[in-house]
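Visitor: Structure for the following, please:
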Amino acid sequence: MPTDSADFSQMRPLARSRVRDLAASKVRDLANAGFGVEGVKRFWFGEGDQPTPLFIREAAMAALADGRTFYTHNQGTAELRAALAAYLTRLHGRSFDNEAPSVTSAGVSALMVVMQAILDPGDRVVAVTPVWPNLVEIPRILGAEVVRVGLEPKDGRWTLDLDRLLAEITPATRLLLINSPNNPTGWTLPAEARDAILAHCRRLGVWILTDDVYERVVFVPAPAGGGIVTAPSFLALADPDDRVVGANSFSKAWRMTGWRLGWIVAPQALREDLGKLLEYNTSCAPDFVQAGGVAALEQGDASIEALRLEMIARRDRLLAGLSGLRGVETTTADGGMYAFFRIAGQDDSVAIARRLIAEARLGLAPGAAFGPEGEGWLRWCFATTEEALDDGLARLAGWMGGRAPHSHYSYR
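Guide: Residues are numbered from 1 along each chain as shown. Sure, this is the predicted structure:
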């Protein structure tokens, strides 16, 4: 037993070095700074301005009224898992059993649980970037090392150098991370690239984890004769024992951001371990929230198609407005809900985003929030009304025209 009176508690850091080294979200930092500024038009977060469809809310309210407030199975209610299996079968054209999906408390929880199951400290993770920061910070929290393969703007769209990506996926790689359609660029993985990546990862025994949250918000023509529109998915091609995991969420396609409900699709060999980790992370998603998820899956296709068409129209309106501003470079999103653009001569995206809040009352997300590949770019969420987009464009045009509005400036 020590005989001196030294206070050892003061010599030890309160958090792990990996956690202390994490950068705070630059989107959240910007938003927090802008919340205190009166009259800011907010386009910085990735959510629409409309509430969850009424039929989903009513299903959850009915379950709550019925007293469904108790714990459920770690991996979800039997009703929701069956609804997910049926939905996945329709979406991907291959059969999924009721045990394939595991329900999570939000899509980000799905990502965390999967990576907790797969990664050890020191593992090598390859990620297609720029990307939503949570996706690449989770491996760092777990002690893994992330190798970034950057998308590049070319001919008005963001593109992937497939050869470069395949070269980075080596026998030493444990996990590949892909978000498609991509936040923030709108890049969507082509089917032929998906096929090559899957074959390469199969040969090397590399896990693939896809963040599929925008897969239904993809901007391609609807199939002749009807049918579900979705982005190319690894789940459509994966064999039952392939090292392919899909993480998804009800947040975007069903306008359910505040519900915090997601799911994982994993091979049989991983499911038992996922159940254990779900117990130690969140135990289970709320029963009445899961009831809303069932309604979303079983009744939501028409609502999603209406949202998808709305997002195409909003994208086109915003890009037309941005393209009309001198010095603005735009890229076309093939999915998602964001325009990614840059202004000539403005290389510090955080600084320009702060100026836009202060001087134009315009709230956009800085591209640097999504990694070094996004520096100099700005992300604008277009999941809002035409009037709001036009207002935002007017503010940006006025600011770029050299007008220096005062703090009392009144926008329409």
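
Visitor: how about A59, secondary structure?
Guide: helix (DSSP: H, G, I helix; E, B strand; the rest coil).

Visitor: give me every residue that touches the residue lying closest to it once chain neighbours are set aside.
Guide: Counting by CB to CB, 6 or more residues apart in numbering, A295 is the residue found nearest to A59 once chain neighbours are left out, at 3.5 Å. In this view, the C-beta of every residue, glycine as well, is placed from N, C-alpha and C. Contacts of A295 were listed using CB atoms under 8 Å, 6 or more residues apart in numbering, and they are F55, I56, E58, A59, A60.

Visitor: looking at this, V147 is in a helix?
Guide: No: counting by three-state DSSP, V147 is located in no helix; its state is strand.

Visitor: Is it in contact with V128, as I believe?
Guide: No: counting by CB atoms under 8 Å, V147 stays clear of V128, with 10.5 Å between them.

Visitor: quick one, which of those two is more surrounded?
Guide: Counted by other CB atoms under 10 Å, V147 and V128 do not tie: V128 has more neighbours, with 24 against 15.

Visitor: Out of the contacts of A295, the closest to A320 would be?
Guide: I56 (32.5 Å; CB to CB).

Visitor: so that closest one sits right up against Q290, yeah?
Guide: No: using CB under 8 Å as the test, I56 is too far from Q290 to be in contact (11.5 Å).

Visitor: re earlier: from the contacts of A295, pick the one nearest D301.
Guide: Looking across the contacts of A295 and measuring by CB to CB, the closest to D301 is F55, at 12.0 Å.

Visitor: so how far is I138 from that closest one?
Guide: Noted for F55: a distance of 33 Å to I138, by CB to CB, to the nearest Å.

Visitor: who's more crowded, those two?
Guide: Using other CB under 10 Å, the more surrounded residue of F55 and I138 is I138, with 22 against 14.

Visitor: The more buried one should be in a helix, yeah?
Guide: Yes: according to three-state DSSP, I138 belongs to a helix.

Visitor: tell me the contacts of it?
Guide: Contacts for I138 (CB under 8 Å, 6+ apart) come out as L111, M112, M115.

Visitor: Quickly find the element holding the nearest residue to L111 once chain neighbours are set aside.
Guide: Spatial nearest neighbour of L111, excluding adjacent residues (CB to CB, 6+ apart): A247 at 5.0 Å. Here A247, judged by DSSP states H and E, is contained in strand 244-249.

Visitor: Follow the chain on from that strand and name the next helix or strand.
Guide: strand 262-265.

Visitor: who does the following helix or strand past that next one touch, helix- and strand-wise?
Guide: Counting by DSSP H and E, the next helix or strand C-terminal to strand 262-265 is helix 268-281. For helix 268-281, the packing partners by 3 or more CB pairs under 8 Å, 6 or more residues apart in numbering; DSSP states H and E come out as strand 101-104, helix 107-118.

Visitor: Give me the angle between helix 268-281 and strand 244-249.
Guide: Interaxial angle, helix 268-281 versus strand 244-249 (axes from the mean of the first three to the mean of the last three CA atoms, to 10 degrees): 40 degrees.

Visitor: in helix 268-281, what counts as buried?
Guide: L270, R271, L274, L277, L278 (16 or more other CB atoms under 10 Å).

Visitor: Stretch 87-94 too?
Guide: Y87, L88, L91, H92.

Visitor: Nearest to E215 among those?
Guide: Relative to E215, the closest of the buried residues of stretch 87-94 is L91; by CB to CB it sits at 8.2 Å.
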